[in-house]
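# here are the coordinates; sequence isn't available:
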């Protein structure tokens, strides 16, 4: 986890209200498949548990809590 990835996850989850599954799909799109944002929407669905874990890790990395808008 780095600052850029943590902020990307926060943008998706907190600001754009993505589901955990959608967050994971976008992480896979950007970091695993090296594709532009939002390009695998119909081809790939994310894993909910992995998305939840990534959100928790980003929240901890940024030293934030659920009171900062994470849900």
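Yes, it's here. These numbers were taken from a predicted model, which means no experiment stands behind them.
# what helices or strands is the lowest-mean-pLDDT helix or strand in the chain leaning on?
Among the helices and strands of the chain, helix 20-27 carries the lowest confidence by mean pLDDT, DSSP states H and E, at a mean of 90. Helix 20-27 makes packing contacts with helix 3-10, helix 48-61 when contacts are defined by 3 or more C-beta pairs under 8 Å, 6 or more residues apart in numbering; DSSP states H and E. Yep, even glycine has a C-beta here, placed from its N, CA and C like the rest.
# the ones you listed: which one's closest to residue 34?
Residue 34 sits nearest to helix 3-10 of all these, at 13.8 Å, using C-beta to C-beta.
# list the buried residues in that closest one.
Residues of helix 3-10 classed as buried: 5-6, 8-10 (neighbour count, 16 or more other C-beta atoms under 10 Å).
# redo those as a markdown table? Include pLDDT.
Output for these, formatted as a markdown table (pLDDT from 0 to 100):
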| residue | pLDDT |
| --- | --- |
| 5 | 94 |
| 6 | 96 |
| 8 | 94 |
| 9 | 95 |
| 10 | 96 |
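# tell me the one of those nearest residue 46?
Out of those, the member with the shortest distance to residue 46 (by C-beta to C-beta) is residue 9, at 12.0 Å.
# who touches the closest one in this structure?
Taking C-beta atoms under 8 Å, 6 or more residues apart in numbering as the contact definition, residue 9 lies against 23, 27, 54-55, 58.
# now with 6 Å?
Residue 9 makes contact with 54, 58, according to C-beta atoms under 6 Å, 6 or more residues apart in numbering.
# might you report the residue contacts of residue 64?
Here residue 64 is in contact with no residue (C-beta under 6 Å, 6+ apart).
# got any ranges where this protein has weak pLDDT?
36-45 (pLDDT under 70).
# quick one: contacts for the closest residue to residue 50 other than its chain neighbours?
Sequence neighbours aside, residue 24 is the residue nearest to residue 50 in space, at 4.7 Å (criterion: C-beta to C-beta, 6 or more residues apart in numbering). Counting by C-beta under 6 Å, 6+ apart, residue 24 touches 46-47, 50-51.
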